[in-house]
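>>> I would like the atomic coordinates for the input below:
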Amino acid sequence: MLALAASGAKIHRDQHQIEVFVPDIQPRELMIVLSRQLMVVSGAEVPLKVPLPPEATLDTASIQDLPGGTLICIPLASPCGDPLW
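Prediction:
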């Protein structure tokens with residue numbers, strides 16, 4: 001998590017989703033998912049690693065290009081596997 005803080009990335013989680021905002025990065029540079037970790041890759045920098053909980057539904061994740069960076073939204077499923085909304 002130290003690399004996330006140093007990069008200016010922000011993580012917000014509520015009952016419906018995890019949001020990761022990464023400043024100064026474009027979606028085409030963006031994400032690789034390995035072993036339940038979101039890796040955010042930006043040029044030659046060390047990849048940022050965001051551990052993901054088992055309820056993260058990566059197949060419905062979205063990426064938005066916003067002024068100043070990129071927002072990744074990863075929905076969370078309910079414990080029974082159904083979406084919460």
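
>>> which stretches of the protein form strands?
Counting by DSSP state E, one finds strands in the chain at the ranges 10-13, 17-23, 31-34, 37-40, 48-51, 62-66, 69-75.

>>> turn the ones you listed into JSON lines, columns for mean neighbour count and mean pLDDT.
To be clear about C-beta, it is placed using only N, CA and C from the backbone, and glycine gets the same treatment. Below are the strands of the chain laid out as JSON lines (neighbours: other CB atoms under 10 Å; pLDDT from 0 to 100):
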{"stretch": "strand 10-13", "mean neighbour count": "14", "mean pLDDT": "85"}
{"stretch": "strand 17-23", "mean neighbour count": "19", "mean pLDDT": "84"}
{"stretch": "strand 31-34", "mean neighbour count": "14", "mean pLDDT": "56"}
{"stretch": "strand 37-40", "mean neighbour count": "18", "mean pLDDT": "66"}
{"stretch": "strand 48-51", "mean neighbour count": "18", "mean pLDDT": "73"}
{"stretch": "strand 62-66", "mean neighbour count": "12", "mean pLDDT": "84"}
{"stretch": "strand 69-75", "mean neighbour count": "19", "mean pLDDT": "85"}
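
>>> just to check, Gln17 is in contact with Leu76?
Yes - assessed by CB atoms under 8 Å, Gln17 is found in contact with Leu76 at 5.8 Å.

>>> now do the shared contacts for these two.
Jointly contacting Gln17 and Leu76 under the rule CB atoms under 8 Å, 6 or more residues apart in numbering is no residue at all.
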